[in-house]
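> Sharing a model that was predicted from the sequence below.
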Amino acid sequence: MDEMIEQSYGGYKLYIYKDKLELSSNVSNFIENQIVQTLKIKDRFQFCVSGGSTPKSVYQLLSERDIEWEKVDIFLGDERCVDPKSELSNSLMLKNSLLTKYGSKAFFYEIFSDKKVDDNISKNLLISKLNEKCNGKPPSFDLTLLGLGDDGHTASLFPYQKNNNADDFVIFNEGKGLKRISLTPKVLSASSKIIFLVSGASKQLALKRLLDKNESPERTPSKLIKSSDQISIFCDEESSKELSI
Ligand SMILES: O=C(O)[C@H](O)[C@@H](O)[C@H](O)[C@H](O)COP(=O)(O)O
């Protein structure tokens, strides 16, 4: 077992690994184990994944695991409204990482495929696919993997955006110069298990704010994600340096 620090902060459980390599390897083991164990009691596994750059190595490692990927349904928690072939597309990032090797057997719902449709159609198609694949109302994933932006955003829930907490399953938002589509806290929080993956010095302040019980969810929208279970935060030492441990 690698060296790791484990600490509880209210509704969060923090796991701190030495560096990004150890973080990625342990998180991929954790996810593999969740899939394997859940498929012993359920026919399919619904997995909500984050975009961004941090999870790419986790996705590459996972794609090499010979597990029952044909029983896994993958959804993105958010997507940038860009051409599906653009290097900014989260779907393209997944197609080049998680959805390769063994992972290519998984079902993946691509929000923006090649054909152009309007926003309402994209939104309604996503909601009907969520309702078809996931149990519950709101639809519930077995596992949701979230990223944390240096400004405290998660999925595409950006600071001070008024519709972050809309009473809906899917919203459109603006963030970091791009239009985006995102699942809402209502859906993300309904997940059976929620984990954040955080790495690097640029995330120090955002991580500190996420764990601060007095921090406002308007400034740090990642705080809008709640769970009856503890939310796990997997991070590296670099990103945890602002925390008093
Ligand atoms: O589409 C996106 O940008 C995301 O899904 C976003 O919420 C991401 O997870 C964070 O911005 C962290 O991104 P990095 O891993 O690139 O820092």
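Everything's here; your move. Residues are numbered from 1 along each chain as shown.
> In contact with the spatially most central residue of the chain, which residues?
In the chain, the centroid-proximal residue (CA atoms, centre = their mean) is L146; its distance is 2.6 Å. Contact partners of L146, counting by CB atoms under 8 Å, 6 or more residues apart in numbering, are S50, G77, T154, A155, L188, I194, I195, F196, L197, S222, I225. Heads up, the C-betas are built off the backbone N, CA and C, glycines and all.
> is it true that L210 lies in a helix?
Yes: assessed by DSSP: H, G, I helix; E, B strand; the rest coil, L210 belongs to a helix.
> The residue lying closest to it once chain neighbours are set aside and the ligand: what is the separation?
What sits nearest to L210 in space, not counting adjacent residues and going by CB to CB, 6 or more residues apart in numbering, is S222, at 5.1 Å. Relative to the ligand, S222 is positioned 9 Å away (CB to the nearest ligand atom, to the nearest Å).
> Report the secondary structure state of S222.
For S222, the assignment made with three-state DSSP gives helix.
> Any idea how many residues pack against it?
27 (other CB atoms under 10 Å).
> What of K18?
Around K18 there are 14 other residues, counting by other CB under 10 Å.
> pLDDT score for it?
Per-residue pLDDT puts K18 at 97.
> And S244, by the same measure?
For S244, the pLDDT comes out at 82.
> measure it to the ligand for me?
Separation of S244 from the ligand (CB to the nearest ligand atom) stands at 24 Å.
> and the nearest residue to L183 once chain neighbours are set aside, how many neighbours does it have?
Excluding the flanking residues, the one nearest L183 by CB to CB, 6+ apart is G77, at 5.2 Å. Residues within reach of G77, counting by other CB under 10 Å, total 24.
> which phi and psi does S28 have?
Phi and psi for S28, reported as degrees, to the nearest 10, are phi -70, psi -40.
> which residues does it contact?
Contact analysis of S28 by CB under 8 Å, 6+ apart lists V58, L61, L62, R65.
> pLDDT at the residue nearest to L183, what is it?
pLDDT, G77: 98.
> Looks like it contacts F47 (just checking).
No: using CB atoms under 8 Å as the test, G77 is too far from F47 to be in contact (10.4 Å).
> overlap in contacts of the two?
Jointly contacting G77 and F47 under the rule CB under 8 Å, 6+ apart are T144, L145.
> where along this protein do the helices fall?
Along the chain, the segments classed as helices by DSSP state H run 20-38, 56-63, 90-95, 119-133, 185-188, 204-211.
> Include distance to the ligand when you put those helices into a markdown table, please.
A markdown table is the format used below for those (distance: least, CB to the nearest ligand atom, whole Å):
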| stretch | distance to the ligand |
| --- | --- |
| helix 20-38 | 11 |
| helix 56-63 | 8 |
| helix 90-95 | 5 |
| helix 119-133 | 15 |
| helix 185-188 | 11 |
| helix 204-211 | 9 |
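> List the contacts of the residue nearest to L210.
L146, L148, G149, G152, H153, T154, L157, F196, A206, L210.
> close enough to count as contact, the fifth one and G175?
Spelled out, it's H153. Yes: using CB under 8 Å, H153 is in contact with G175, at 6.2 Å.
> Counting neighbours around each, name which of the two comes out higher.
H153 (25 against 20).
> distance of that one from S50?
Going from H153 to S50 by CB to CB, to the nearest Å gives 11 Å.
> cool, and S113?
Distance of S113 to S50, computed by CB to CB: 20 Å.
> And for L188?
10 Å.
> residues bridging contact with those two, i.e. touching both?
Contact criterion CB under 8 Å, 6+ apart; residues shared by L188 and S50: G77, L146, A155.
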